[in-house]
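Colleague: Got a predicted structure plus its sequence, pasted below:
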Amino acid sequence: MSGAPESEIQLLIERARSGDTRAFEDLARREERALYRHALRIVGTTSDAEDIVQDALFSAWRSIASFQGISFRAWLFRIATNRALDQLRSRKRRPELPLDPPDDDEVTWAEPVAPGPDLTQLAGDREALAAVDAALEGLPAEQRAALLLRDVEGFAYEEIAVITSVEIGTVKSRIHRGRLAVRNTLISRGWRGPEG
Amino acid sequence: MTQEHPHAELSAYIDGALAPAAQAAVRGHLETCALCRTHVAELRATVALVHALPDPVPSRRLVPRLASAPAWLAPLRTLMTLASGAAVFLFIASSLVTNINFLASSGAATTATSANEVSRDAVAKQQAPAAAGAPAATGVPAPTGSPFAAFAVSPTASPVPAASQLLDSARGGATDDPQKRADQATAGPSGAPGAAAANAVNAEDNARLTNAEPQRSPLVNPLLWLTLALISGAIAIALHRRLRSSV
């Protein structure tokens, strides 16, 4: 809900809870694109992501009376994330990576194979972004969801724990392993870390 | 070696998600460990790259329209879909009819030209003194040489009645029926040559008229149906999208 005063959001939420469809549509419209990019990066296909977001928003409207405890934005992301992960679980046509592999604290740090461009200089590099996208696709879905909720949507670890219904320690582990996997992909493609 | 480096804590460290004591411990370690500083810098760069991923845009509105759609929207969508299909059919049909009519007009024009020549011949014969007996009868051959003539003349086959009427008159009163021709032939030398000449000239004028663009009904214009098909199709798609976004 960036860009809008919290009081305005609260007023819209109250109006929506009392049955004001326009207030809910206003709230939903503010998160529509963020929910879509999140769902798309979890499920990978645009049509599925669109359906997930539309269904999630409708589901949110129907159950708005039960909304409490977390921010409205986190609540919407919780519904959408659950639907996206359920969608992946229900796919039987293609072999799917395990949603969450066993914990492995000894995640390795890949070493650069040759000196390449500095990672910190790649923020606008199209090739690097494509590599990041590919690396994200290779992550287990729940790891990917946690990483996106943190690094793209900016949720706090506590909020991610509520959104994904896991312990905060699991959130910490998923985010770290996800970042390390992306970092290792970039390093293995020739980029190098900045000098310490 | 890994016990000495807080590798698993580095992500939480850069997010400020560690407890204060753990945060301070990692900070202290980083002051003395170049390897961990490098890893922290790499993780920060990775976060920046993930955050910089391009923002996809959905192809349609994803916020459901909670105010229910008007009841007439769904039937109207069906109607528009059917109308679009019908207009496509009429577009194809009118295209075919127009093309056939064009060919028929070409054939009729050829026929009219031959009728014209024959009429001139008739006039010439009337002007000759020896032709005083039965001049009109020689100027009568029916212009049925073209295979399209029947198509063009038939009012049911031709979608352009005005054109077929013109063709009929182009062939002139002399072609109408044998009795009429006989009457003209027996009218006598005093009246017949003049009347026959007038008929022939009239036929010539009418034949000239058939060479002009025939007057077409707007209902036969394929562009009309194509336009209607596109408009009704666009409306049907818009209504479909509107209904799809409704709950």
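Modeller: All right, it came through fine. Numbering: from 1, shown residues only, chains lettered A, B, ... in the order given.

Colleague: Wait, A:His176 touches B:Leu10, no?
Modeller: Yes: counting by C-beta atoms under 8 Å, A:His176 touches B:Leu10, with 7.2 Å between them. No exception for glycine: its C-beta is placed from N, CA and C like everyone else's.

Colleague: What helix or strand is A:Leu85 located in?
Modeller: Using DSSP states H and E, A:Leu85 falls within helix A:72-90.

Colleague: So, low pLDDT: which residues of the chain?
Modeller: By default, I'm working from chain A. For chain A, the stretches with pLDDT under 70 are A:1-4, A:92-107, A:112-124, A:193-196.

Colleague: nope, chain B
Modeller: Within chain B, the segments meeting pLDDT under 70 span B:1-3, B:68-69, B:106-216, B:245-247.

Colleague: wait, is A:Phe155 part of a helix?
Modeller: No: according to DSSP: H, G, I helix; E, B strand; the rest coil, the state of A:Phe155 is coil, so it is not within a helix.

Colleague: Please name the nearest non-neighbouring residue to it.
Modeller: Spatial nearest neighbour of A:Phe155, chain neighbours left out: A:Leu149 (4.7 Å); criterion: C-beta to C-beta, 6 or more residues apart in numbering or on different chains.

Colleague: ok, then the element right after the helix or strand the one you found falls within?
Modeller: Secondary structure here is read from DSSP H and E; on that basis A:Leu149 sits in helix A:141-151. Using DSSP H and E, the helix or strand that follows helix A:141-151 in sequence is helix A:157-164.

Colleague: Buried residues, that following helix. List them.
Modeller: When burial is assessed from 16 or more other C-beta atoms under 10 Å in any protein chain shown, helix A:157-164 yields the following buried residues: A:157, A:159-164.

Colleague: Please apply the same query to stretch B:51-62.
Modeller: With burial defined by 16+ other C-beta under 10 Å, the residues of stretch B:51-62 counted as buried are B:52-53, B:58, B:62.

Colleague: residues making contact with that stretch?
Modeller: Defining contact as C-beta atoms under 8 Å, 6 or more residues apart in numbering or on different chains, one finds that stretch B:51-62 is touched by A:32-33, A:35-37, A:40-41, A:46, A:49-50, A:53-54, A:57, A:123-124, A:129, A:132-133, A:151-152, B:241, B:244-245.

Colleague: Widest-spaced pair of the buried residues of stretch B:51-62?
Modeller: Greatest spacing in those, by C-beta to C-beta: B:Ala52 and B:Leu62 (23.7 Å).

Colleague: circling back to that earlier point, run through the neighbouring helices and strands of the helix holding A:Leu149.
Modeller: Contact partners of helix A:141-151 among helices and strands, from 3 or more C-beta pairs under 8 Å, 6 or more residues apart in numbering or on different chains; DSSP states H and E: helix A:21-43, helix A:72-90, helix A:126-137, helix A:157-164, helix A:168-188, helix B:34-51.

Colleague: Would you mind giving those as TSV with distance to B:Ala234 added?
Modeller: Output for the helices and strands packed on helix A:141-151, formatted as TSV (distance: least, C-beta to C-beta, whole Å):
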stretch	distance to B:Ala234
helix A:21-43	25
helix A:72-90	32
helix A:126-137	35
helix A:157-164	41
helix A:168-188	44
helix B:34-51	40
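
Colleague: so which of these gets nearest B:Leu76?
Modeller: helix A:21-43 (22.5 Å).

Colleague: going on from that closest one, what's the next piece of helix or strand?
Modeller: Helices and strands here follow DSSP H and E; after helix A:21-43, the next one along the chain is helix A:46-62.

Colleague: re earlier: in the helix holding A:Leu85, which residues are buried?
Modeller: Of the residues in helix A:72-90, those with enough neighbours to count as buried (16+ other C-beta under 10 Å) are A:72-85, A:87-88.

Colleague: about what we covered before: so which of the buried residues of helix A:157-164 comes closest to B:Ala41?
Modeller: Using C-beta to C-beta as the measure, the one of the buried residues of helix A:157-164 that approaches B:Ala41 most closely is A:Tyr157, at 21.4 Å.

Colleague: Identify the residues contacting the closest one.
Modeller: When the contact criterion is C-beta under 8 Å, 6+ apart, the partners of A:Tyr157 are A:150, A:168, A:171-172, A:175, B:12, B:15, B:17.

Colleague: Can you tell me which of the residues you listed is nearest B:Phe89?
Modeller: The shortest gap between B:Phe89 and any of the contacts of A:Tyr157 belongs to A:Arg150, at 57.3 Å (C-beta to C-beta).

Colleague: Grab the nearest non-local neighbour of the closest one.
Modeller: According to C-beta to C-beta, 6+ apart, the nearest residue to A:Arg150 is A:Ile175 (5.1 Å).

Colleague: now do B:Val63
Modeller: Nearest residue to B:Val63 in three dimensions, chain neighbours excluded: A:Ala28, at 4.4 Å (C-beta to C-beta, 6+ apart).

Colleague: Isn't the one you found up against A:Ala56?
Modeller: No: taking C-beta under 8 Å as the definition, A:Ala28 is not a contact partner of A:Ala56, at 9.4 Å.

Colleague: what's the closest of the helices and strands packed on helix A:141-151 to B:Asn99?
Modeller: Counting by C-beta to C-beta, and looking across all of these, nearest comes helix A:21-43 at 49.4 Å.

Colleague: in stretch A:61-68, what's buried?
Modeller: The neighbour-count check on stretch A:61-68 (16+ other C-beta under 10 Å) flags A:61, A:64, A:67 as buried.

Colleague: Distance to chain B for these - can I get that in TSV?
Modeller: Formatted as TSV, the entries for the buried residues of stretch A:61-68 read as follows, by distance: C-beta to the nearest C-beta, whole Å:
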residue	distance to chain B
A:Trp61	6
A:Ile64	11
A:Phe67	16
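
Colleague: re earlier: mind checking which of the contacts of A:Tyr157 are buried?
Modeller: Buried, going by 16+ other C-beta under 10 Å: A:150, A:171-172, A:175, B:12, B:15, B:17, out of the contacts of A:Tyr157.

Colleague: of these, closest to B:Ala229?
Modeller: Nearest to B:Ala229 among these, with distances taken as C-beta to C-beta, is A:Arg150, at 51.6 Å.

Colleague: I am finished for the moment; much appreciated.
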